[in-house]
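Visitor: When you get a sec, could you give me coordinates for this:
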Amino acid sequence: MQMNVEMKYAKLFNGFRCYYQHWFPDKPKALLIMVHGLGDHIGRSNEFVSFLGCKGYACALYDQRGHGLSEGKRGHIHSFDTWLDDLDAFISFSKNELNEDVPIFLIGGSLGGLIALNYVQKTGKKIRGLVAVSPAIIPTIAIPNWLRKFVRTVGKVLPSLTVDNRLNWDHMSNDPEEKKALIDDQLFTRRISFRAAIEIERKLEYVMTLACRIYIPTLMIAGAGDLICDPVGAKRFTDGLSSADKQCIIYDGMLHDVIHDVGRKRVMEDIENWIAKRIVKQ
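Guide: Numbering: from 1, shown residues only. Take a look at the predicted model:
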């Protein structure tokens, strides 16, 4: 199978200049759009993308605004809707570049899962199916009330000021090699701006209300030992979905970053099998 790979910069129709990767095989089964999490970047997705590419899928992924090699101050966003606009622009760009009439599936991890849920609630007709990986629905990072008030107050004056995002490396993966690679990764940012934190929290306040407005096939997956985003959130969200085609898989012994955890091959296979079964469904 011939694979055409592009790793470039593109200026999307909304003006966003992003770094992206396109892994397009000949005659792809579907176009998979991937949205990474907070602080992350697409350079960490090679194993997952290679697996899906070998199965005949076209994969399109990009560094979100304020992340990786894309433009924007690290960890900063003025409005959550900007991330949604960027995703919409990237989907259009990738679909045009592929030049194939194939179904589109959206795969969002962690914060990318929250972004994906908000996106399909608004424009679900473009997407055949959604896979939310360890979605940020019920974050477990304890933030004292005084700190919340401080962030909201200072965020009005210094919105782009960044602080540590309080991520614990030990809560990401059980794989020691993956954890070391993450710690040494200079593109993975641990900073988040006051404004970004406010915008994310605003979306989290009513994220559960989105479920009843999502009708497309949806797969929610999470690690049972996730200490960053409570897997209970994935379960509850699945229960509330209006879609008749919904499934939630919780993996025993796995932490937050299931795509980079011990036993990740099973997770990848489950995602691929789920998508494959829905390609033929109209």
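Visitor: other SSEs contacting the strand or helix carrying K235?
Guide: Per DSSP states H and E: K235 is located in helix 231-240. Using 3 or more C-beta pairs under 8 Å, 6 or more residues apart in numbering; DSSP states H and E as the contact test, the elements touching helix 231-240 are strand 218-223, strand 246-251. Bear in mind the C-beta positions are built from the backbone N, C-alpha and C, glycine included.
Visitor: Out of those, which one sits most buried?
Guide: Neighbour counts (mean count of other C-beta atoms under 10 Å) averaged over each of the helices and strands packed on helix 231-240 peak at strand 218-223, with a mean of 26.
Visitor: low-confidence ranges in the stretch 51-200 of the chain?
Guide: For the stretch 51-200 of the chain, the stretches with pLDDT under 70 are 124-125, 141-158.
Visitor: Dump the helices and strands packed on helix 231-240 into JSON lines; add mean pLDDT and distance to Y19 as well.
Guide: Formatted as JSON lines, the helices and strands packed on helix 231-240 follow (pLDDT from 0 to 100; distance: least, C-beta to C-beta, whole Å):
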{"stretch": "strand 218-223", "mean pLDDT": "98", "distance to Y19": "26"}
{"stretch": "strand 246-251", "mean pLDDT": "98", "distance to Y19": "30"}
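Visitor: among those, which is nearest I259?
Guide: When those are compared by C-beta to C-beta, strand 218-223 sits nearest I259, at 9.6 Å.
Visitor: ok, D184 - contacts?
Guide: The contact partners of D184, by C-beta atoms under 8 Å, 6 or more residues apart in numbering, come to none.
Visitor: State the distance from it to E177.
Guide: D184 sits 11 Å away from E177 when distances are taken as C-beta to C-beta, to the nearest Å.
Visitor: same check, this time on R44
Guide: R44 is 13 Å from E177, by C-beta to C-beta.
Visitor: same thing with Y19?
Guide: 25 Å.
Visitor: Comparing the two, which residue is more hemmed in?
Guide: Set side by side, Y19 and E177 show more neighbours around Y19, with 20 against 10, by other C-beta atoms under 10 Å.
Visitor: roughly how far out does the host helix or strand of I115 sit from the chain middle?
Guide: Following DSSP H and E, one finds I115 within helix 111-123. A distance of 9 Å separates the C-alpha centroid of helix 111-123 from that of its chain, computed with C-alpha atoms, centre = their mean, to the nearest Å.
Visitor: got the buried residues for that helix?
Guide: L111, G112, G113, L114, I115, A116, L117, N118, Y119, V120, Q121 (16 or more other C-beta atoms under 10 Å).
Visitor: would you list the helices and strands packed on helix 231-240 in a markdown table and tack on distance to P28?
Guide: A markdown table is the format used below for these (distance: least, C-beta to C-beta, whole Å):
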| stretch | distance to P28 |
| --- | --- |
| strand 218-223 | 20 |
| strand 246-251 | 24 |
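Visitor: quick one: contacts for G53?
Guide: M3, W23, P25, C59.
Visitor: Need the residues you listed in TSV (columns: neighbour count).
Guide: Listed next are the contacts of G53 as TSV, based on neighbours: other C-beta atoms under 10 Å:
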residue	neighbour count
M3	13
W23	23
P25	19
C59	27
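Visitor: and those, which of them are in strands?
Guide: The members of those that map onto strands under DSSP state E are M3, W23, P25, C59.
Visitor: Quick check: closest non-adjacent residue to the first one.
Guide: The reference is to M3. Distances taken as C-beta to C-beta, 6 or more residues apart in numbering place P25 nearest to M3, at 5.1 Å, with adjacent residues excluded.
Visitor: so what's that neighbour up against?
Guide: P25 is in contact with M1, Q2, M3, N4, G53, G56, Y57, A58, counting by C-beta under 8 Å, 6+ apart.
Visitor: for the longest helix belonging to the chain, which positions count as buried?
Guide: When the chain is scanned for its longest helix (criterion: DSSP state H), the result is helix 80-98. In terms of neighbour count (16+ other C-beta under 10 Å), helix 80-98 has its buried residues at 80, 82-91, 93-95, 97-98.
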